[in-house]
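Chemist: Pasting a predicted model and its sequence here:
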Amino acid sequence: MRHVRLAILLLAALAVAGCARTVVPAAVAPGGPGGLGYGAPPPPPLSPVNLVAGAPLPPYTLDSGDRLRVVVFGQDSLTNSYGVDAAGNITLPLIGAVRARGLTTTELSGALAARLRQGFLREPHVAVEVELYRPFFILGEVVFPGQYPYVPNMTAETAVAIAGGFTPRAWRPTVELSRPVDGVVARQLVPVITQMNPGDTIVVDERWF
């Protein structure tokens, strides 16, 4: 009887061993838009322009939508607020339209002084500062997409907060940032801590699960 029981136990052990399988964990695609569970990495940057977080920003250049405070010392009739128009110019009394697009405030001060020296003022002293920055735009998976006033030193994360926060379907680690650079719009995926410029456009992607 003892031999029969041992034989039964041995047969059962062999049956279990024959049915055993080695389970290999499936590869999991890295997280991110376009890569969640599909084995594809996130889309690569669409431009070589360096927009990554922590990179020093170039000097701010003016463009349409900026409002400037121009002070011409000793000339109250010229000192005023001026908007940069759709053509990228500001228009002052006496000298007319002066190109502002693509210039820093320092460069524009020099350009205005040079124009005023042409028969209007002997030694003009001009100061220019940004009174109101042009707006930024945010689209995609935020509660209130649209156009908003720019806040100095803001990040993409700040922009999302201004737009009411992420929707439940939003992909949160990165956003697509579009920025005009030398007349060409550069687009790149950047972390949400990336610092923004006036006129930037942010698109928050939808996650895939």
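Modeler: Done, it's in.

Chemist: contacting residues around stretch 149-165?
Modeler: The list of residues contacting stretch 149-165 from outside it, by CB atoms under 8 Å, 6 or more residues apart in numbering, reads 132-136, 138, 142-146, 148, 166, 175, 177, 190-199, 202, 204. Where you see a C-beta, it was placed from the backbone N, CA and C, and this is true even at glycine.

Chemist: Can you tell me which of these are buried?
Modeler: 133-134, 136, 138, 142, 145, 166, 175, 177, 190, 192, 194-199, 202, 204 (16 or more other CB atoms under 10 Å).

Chemist: So which of those residues sit within strands?
Modeler: The strands, defined by DSSP state E, take in 136, 138, 175, 177, 190, 202, 204 from those.

Chemist: which residues of the protein fall in strands?
Modeler: Under DSSP E, the chain gives strands at 67-72, 80-83, 89-92, 96-99, 126-132, 136-140, 146-148, 174-181, 184-191, 201-204.

Chemist: how about a markdown table for the ones in strands among the buried ones among the contacts of stretch 149-165, with pLDDT and distance to residue 106 added?
Modeler: Written out in a markdown table, the entries for these read as follows (pLDDT from 0 to 100; distance: CB to CB, whole Å):
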| residue | pLDDT | distance to residue 106 |
| --- | --- | --- |
| 136 | 95 | 23 |
| 138 | 97 | 30 |
| 175 | 95 | 31 |
| 177 | 94 | 26 |
| 190 | 92 | 28 |
| 202 | 95 | 28 |
| 204 | 96 | 35 |
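
Chemist: Save those residues as JSON lines, and put in distance to residue 112 too.
Modeler: Formatted as JSON lines, these follow (distance: CB to CB, whole Å):
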{"residue": "136", "distance to residue 112": "27"}
{"residue": "138", "distance to residue 112": "34"}
{"residue": "175", "distance to residue 112": "37"}
{"residue": "177", "distance to residue 112": "32"}
{"residue": "190", "distance to residue 112": "35"}
{"residue": "202", "distance to residue 112": "33"}
{"residue": "204", "distance to residue 112": "40"}
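
Chemist: tell me the contacts of residue 102?
Modeler: Going by CB under 8 Å, 6+ apart, the list of residues near residue 102 reads 61-63, 88.

Chemist: May I see the buried residues of stretch 113-131?
Modeler: When burial is assessed from 16+ other CB under 10 Å, stretch 113-131 yields the following buried residues: 113, 115-116, 121, 124, 126, 128, 130.

Chemist: Least confident of the residues you listed?
Modeler: Looking at the buried residues of stretch 113-131 by pLDDT, the weakest one is residue 121, with 90.

Chemist: tell me, what residue is most central in this protein?
Modeler: When CA atoms, centre = their mean is applied to the chain, the residue found nearest the centroid is residue 177 (3.5 Å).

Chemist: Does that residue touch residue 188 like I think?
Modeler: Yes: taking contact to mean CB atoms under 8 Å, the distance of 5.9 Å between residue 177 and residue 188 places them in contact.
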